[in-house]
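Visitor: Sequence and predicted structure, then a few things I'm wondering about:
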Amino acid sequence: MTTELTPLGVACNLSCTYCYQHPMRDAGNVGNKTPYDMEKMFAALEKAGGDFLVFGGEPLLVPLEDLRKIFAFGFARYKKNGIQTNGVLITPAHLETFKEYNVHVGFSMDGPDELNDSRWAGTLERTREATEKSHANLRACVERGLSTSLIITLYKGNASPAILPRLKDWLREIDALGISSVRIHLLEVDHPLVRAKMQLSTEDTIAAVRELVALETSFSKVRLDILTDVRKLLRAQDDDVTCIWNPCDPYTTEAVQGIDGQGNRTNCGRTNKDGIPRLKADVSSFVRQVGLYHTPQEYGGCQGCRFFLMCKGQCPGTAIDGDWRNRSEQCPIWFALFEELERQLITAGEVPLSIAPDRLVLEPAMVQLWDQGGRTSLRAAREYIAKQSQLVPAGDHPHGDAPHGDEHGDHWDGP
């Protein structure tokens, strides 16, 4: 699990209209109140263990000298580093540093020219200039042989029916460039104006995603992780899916570990809807998933959904009405995507977890584990339950189903 290091908090050189970090900026919580402390950050990274990603806001606002120290720290321990950037501020010196310290460079861009106007730089002229710099630096990273990936957010400006062909052409160019990993984000809406001006209709979003599903088959290198992840989840091979598919407590956000400039442990910024970057709670809870499982869909829950185990109500940062206790407001879109890929797997002769007989055993077992504060992958849980069923003769289990919690006080520790 990668840790996000944010030396400068959410400070950024751009002002992307839809940015989920705006509530923090609006509340005045742009960055740390005191300069970042390298020693405190390094101590926190040592304690967290594992590789990390330099994040923001825009992490390239950190002076290059300090970035080099951070990357030297990461390279000495893990032989690799990572950074997520809009790419505007990359210089030849940055490229040399990335090469020297084996830095994976993730770009956040929404397309060429006007398709990237979402990433606003103050005026239309400066925005287009910034977009040109981002694209030039993307190509420069690939030409230098740097590991490079891309995050694209779908919105009216790049995925509405009249514009989507341009986005598809650009993705073909990205494929020809040699980039293999592209992450598709659905627009996260935190303000009524963003919803009115930028959000695609549910129908147009579903249509765009379906076209991207079809387009991926023509790529030689590019794999869209939104599709890869859904296939993995339907196959219960989910050990390395991205954070949005993990059970998430907005006060601990286990899938995203953050460290700020003072070495404090922080949460994923997507859950900071009130603009307060809260520190991590000491105890994890998966009460959201347990609640969604038992709550009828008409009340914001997921009860009865055959894709619940895979989706888990999706990211709390996109919950209905901004209330993390509800399922994602993007539910119709995700449901349509799961249906599409479910159909593909069935046609290919596979049995997706969504229609597999053991889902009805696995589902209550996973909910019980979450209720106890535990978590595991679908793959590990499925293997554990299959093994247990082979050890217990048919009919000998007291309830004839998965390990359970009841008045006898027994519990499932999980695999």
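Guide: Great, that's in hand.
Visitor: from memory residue 376 sits against residue 365, does it?
Guide: No - under the criterion of Cβ atoms under 8 Å, residue 376 is not in contact with residue 365, lying 9.9 Å apart. Backbone N, C-alpha and C define where each C-beta goes, glycine included.
Visitor: Those two - which one has more neighbours?
Guide: Neighbour count, other Cβ atoms under 10 Å: between residue 376 and residue 365, residue 365 has more, with 23 against 19.
Visitor: Report the separation between the more buried one and residue 352.
Guide: Here residue 365 is placed at a distance of 18 Å from residue 352 (Cβ to Cβ, to the nearest Å).
Visitor: where does the closest residue to residue 122 other than its chain neighbours fall, helix, sheet strand or coil?
Guide: With Cβ to Cβ, 6 or more residues apart in numbering as the measure, residue 15 is the residue that lies nearest to residue 122, at 7.1 Å, once sequence neighbours are left out. Classification of residue 15 by DSSP: H, G, I helix; E, B strand; the rest coil places it in coil.
Visitor: Could you pull up phi and psi at residue 15?
Guide: Note on residue 15: its backbone torsions stand at phi -140, psi 70 [degrees, to the nearest 10].
Visitor: for the one 3 residues further on, same thing?
Guide: Note on residue 18: backbone dihedrals following degrees, to the nearest 10 are phi -100, psi 10.
Visitor: how about it, what does it touch?
Guide: Neighbouring residues of residue 18 by Cβ atoms under 8 Å, 6 or more residues apart in numbering: 118, 153, 155, 187, 188, 189, 190, 194, 198.
Visitor: roughly how far apart are it and residue 129?
Guide: Between residue 18 and residue 129 the distance, using Cβ to Cβ, works out to 21 Å.
Visitor: Going by residue numbers, what spans are strands in this protein?
Guide: 3-6, 52-54, 81-85, 103-108, 148-154, 181-186, 223-224, 257-260, 265-266 (DSSP state E).
Visitor: Identify whichever of these lies nearest to residue 61.
Guide: Each of these was scored for nearness to residue 61 using Cβ to Cβ, and the closest is strand 81-85 (9.8 Å).
Visitor: that older thread, adding distance to residue 318, write the strands of the chain out as CSV.
Guide: Formatted as CSV, the strands of the chain follow (distance: least, Cβ to Cβ, whole Å):
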stretch, distance to residue 318
strand 3-6, 19
strand 52-54, 21
strand 81-85, 19
strand 103-108, 17
strand 148-154, 12
strand 181-186, 7
strand 223-224, 19
strand 257-260, 19
strand 265-266, 20
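Visitor: TSV for the ones you listed, including mean pLDDT, distance to residue 71 and mean neighbour count?
Guide: Below are these laid out as TSV (pLDDT from 0 to 100; distance: least, Cβ to Cβ, whole Å; neighbours: other Cβ atoms under 10 Å):
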stretch	mean pLDDT	distance to residue 71	mean neighbour count
strand 3-6	93	11	24
strand 52-54	96	8	23
strand 81-85	97	5	23
strand 103-108	97	6	22
strand 148-154	96	16	22
strand 181-186	93	20	20
strand 223-224	91	27	18
strand 257-260	90	15	23
strand 265-266	88	21	19
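Visitor: Nearest to residue 286 among the ones you listed would be which one?
Guide: Closest to residue 286 of these, according to Cβ to Cβ: strand 257-260, at 16.4 Å.
Visitor: list the helices and strands that closest one packs on?
Guide: Taking 3 or more Cβ pairs under 8 Å, 6 or more residues apart in numbering; DSSP states H and E as the contact definition, the neighbouring helices and strands of strand 257-260 are strand 3-6, helix 38-48, strand 265-266.
Visitor: Which one of the ones you listed lies nearest to residue 181?
Guide: Each of the helices and strands packed on strand 257-260 was checked against residue 181 via Cβ to Cβ, and the shortest separation belongs to strand 3-6, namely 17.6 Å.
Visitor: list the helices and strands the closest one packs on?
Guide: Partner elements for strand 3-6 (3+ Cβ pairs under 8 Å, 6+ apart): helix 38-48, strand 52-54, strand 257-260.
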